[in-house]
Each structure stands twice: as C-alpha cells, then as structure tokens.
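In: below is the structure, and that's it, no one-letter string:
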C-alpha cells in the first residue's frame, strides 16, 4: 500500500494534581479552547474538549505522526504553561502525571461529544472517581484503586 490511512478516535481524560489549585469556572472555556488549538497545532484532525474544574475530557482524531503519550504530554505541558500566565493563583498549577485514553467507534462519536459537552450534568450524579472507574471497567482495564487516583 503506497499511502498510510489512519483515523482513530480517542477519548483522553486527565486530572488536576491533588495538590494543585483547580481551574476556576470562569477560566474553563479559555482552557478548553487553548487545549483544542494546541491539539490542532500538533496535527489533530478533530478535537472536542470539555470537562470540569478538576479534569479534562478530549475527543480527538490522533495525528498519525505521534503517539498517544506524546500527544497528551504535549497538551498537558502547553496548557499548564499557559494557565500559569492567567493569574498568580495558578503559579503552582499542575496536571497529574497519568491519563486515560480510550478508543471510540465512529458510530459513537456524537454520543461522546454530547457526553463531553454535558460534563456538568453528568457530575451531578457521580464524582470524577466514579466516572473514571466506570471507564476502566467498561474497557476491561485492570487497575489498583490505591494507585488510580494518586499524583
């Protein structure tokens, strides 16, 4: 085959470090936009970003030139650097070192986008930890709870 064809929808989730200040509600949309722009700048074809003050959800089509780990590492580093310029309260802002990345079928793209856009509604029913454990269980990922949520 002469060309490389790739379209992988990936739902990435990462959390603010427990010792870090959470993102203020008034800064969330700017943070989402910054992360989306950064993702596009490193080659993501499609990006939807949303979340809460303490965690981020991203649905993207990964660029074929970098790994998931490099993609997330870049988003976290760039957004962390950027948010520190917003206000002194963010001076020590940091994301946790880990992340979750889950494949999404093209047939579930719209449902996933809706889920990301409606995070506030979803979190009236369950905490981030409950939500994340459901992802891990649904994708049959073995984990030790004592390590799943530590920095």
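Out: Arrived safely. Please read all numbers here as calculations on a predicted model, not as lab measurements.

In: so which residues of this structure form helices?
Out: 28-41, 68-83, 109-117, 119-122, 128-138, 145-148 (DSSP state H).

In: buried stuff in the fourth one?
Out: Read that as helix 119-122. residue 119 (16 or more other CB atoms under 10 Å). All C-beta spots, glycine's among them, are computed from the backbone N, C-alpha and C.

In: so what does that helix touch, helix or strand wise?
Out: Counting contacts by 3 or more CB pairs under 8 Å, 6 or more residues apart in numbering; DSSP states H and E, helix 119-122 is packed against strand 47-52.

In: remind me what the strand it packs on packs against, helices and strands.
Out: helix 28-41, strand 55-61, helix 109-117, helix 119-122.

In: could you measure from the closest residue to residue 9 other than its chain neighbours over to residue 2?
Out: Nearest non-adjacent residue to residue 9, counting by CB to CB, 6 or more residues apart in numbering: residue 104, 4.0 Å away. Per CB to CB, to the nearest Å, residue 104 is found 28 Å from residue 2.

In: these two: who's more crowded?
Out: Using other CB atoms under 10 Å, the more surrounded residue of residue 104 and residue 2 is residue 104, with 17 against 3.

In: circling back: figure out which of the helices of the chain is closest to residue 15.
Out: Ranking the helices of the chain by proximity to residue 15 (CB to CB) places helix 128-138 first, at 6.7 Å.

In: and the angle from that closest one to helix 109-117?
Out: Interaxial angle of helix 128-138 relative to helix 109-117 (axes from the mean of the first three to the mean of the last three CA atoms, to 10 degrees): 160 degrees.

In: what comes up buried for helix 128-138?
Out: 128, 131, 132, 133.

In: now that helix against strand 47-52, angle please.
Out: When the same axes, to 10 degrees is applied, the directions of helix 128-138 and strand 47-52 differ by 130 degrees.

In: what is the mean pLDDT for helix 128-138?
Out: Helix 128-138 shows a mean pLDDT of 92 in the predicted model.

In: stretch 46-60 too?
Out: Stretch 46-60 comes out at a mean pLDDT of 96.

In: hmm, who's touching it?
Out: Here stretch 46-60 makes contact (CB atoms under 8 Å, 6 or more residues apart in numbering) with 9-16, 22-25, 28, 31-33, 35-36, 39-40, 44-45, 61, 71, 75, 104, 109, 112-113, 115-117, 119-120, 123, 128.
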